[in-house]
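Visitor: Would you be able to build a 3D model of this:
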Amino acid sequence: RVLAMDLHSAQIQGYFDIPCDHIYGSPVLVDYLAGRDFGDVVVVSPDVGGVARARAFAKQMKDAPLAIIDKRRSGHNVAESLTVIGDVAGKTAILIDDMIDTGGTICAGARLLRERGATRVLACATHAVFSPPAVERLSAPGLFEEVIVTNSIPLGEERRFPQLQVLSVANMLGEAIWRIHEESSVSSMFR
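Guide: Down below sits the predicted model:
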């Protein structure tokens, strides 16, 4: 049996010839953010492909408004942000994605949000891949107030920076494993 967290595409489950349970890191991220006062918040998808994820996250964030960054890729691992669909001016923008690899997409999005008047920008992702030059991009002064990720991928000290907050998914994984062992519903953890 396979237990996976925030697969890049839900269709990946279909490639396993054994049962695959797909869980999500968003409850851990939402719990962390819920106790904080950000004033007006807008949840932002860094690209059109992440809209469903961002919409679900916004719903968990007390039905926060949603914005979308419309971008075009000009090459492999190079993102060009074009426009923001939605109102971000004067708000705390929370960019949500499944993973941060080189940081190009999410940093380009953050710069665009700042240009469009967002007062604060936070990045949230389940998986911190952080391939070079991610750390340099993400830690740029004045870009992100905070970069919030889970510990689904271990991060050595060389990939840490002052704005980084790493949240544990250990309890969630433990609960999912227990439910699998007890033959009870894993999906009900996310209702």
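
Visitor: What is the burial count for the closest residue to residue 60 other than its chain neighbours?
Guide: Spatial nearest neighbour of residue 60, chain neighbours left out: residue 30 (4.6 Å); criterion: CB to CB, 6 or more residues apart in numbering. Just so you know, the C-beta spots here come from the backbone N, C-alpha and C atoms, and that holds for glycine as well. By the measure other CB atoms under 10 Å, the count of residues near residue 30 is 16.

Visitor: What helices and strands are in contact with the helix or strand harbouring residue 30?
Guide: Using DSSP states H and E, residue 30 maps to helix 26-34. When contacts are defined as 3 or more CB pairs under 8 Å, 6 or more residues apart in numbering; DSSP states H and E, helix 26-34 sits against helix 51-60, strand 92-100, strand 120-128, strand 146-150, strand 164-167.

Visitor: Mind putting these into TSV with distance to residue 19 and mean neighbour count?
Guide: Below are these laid out as TSV (distance: least, CB to CB, whole Å; neighbours: other CB atoms under 10 Å):
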stretch	distance to residue 19	mean neighbour count
helix 51-60	23	17
strand 92-100	22	24
strand 120-128	21	24
strand 146-150	23	23
strand 164-167	27	16
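
Visitor: what's the nearest residue to residue 130 if we skip its chain neighbours?
Guide: Nearest non-adjacent residue to residue 130 (CB to CB, 6+ apart): residue 159, at 4.7 Å.

Visitor: Correct me if wrong, but residue 178 is in a strand.
Guide: No - using DSSP: H, G, I helix; E, B strand; the rest coil, the secondary structure at residue 178 is helix, not a strand.

Visitor: Check the burial of it by counting its neighbours.
Guide: Around residue 178 there are 11 residues (other CB under 10 Å).

Visitor: Right, I'll leave it there.
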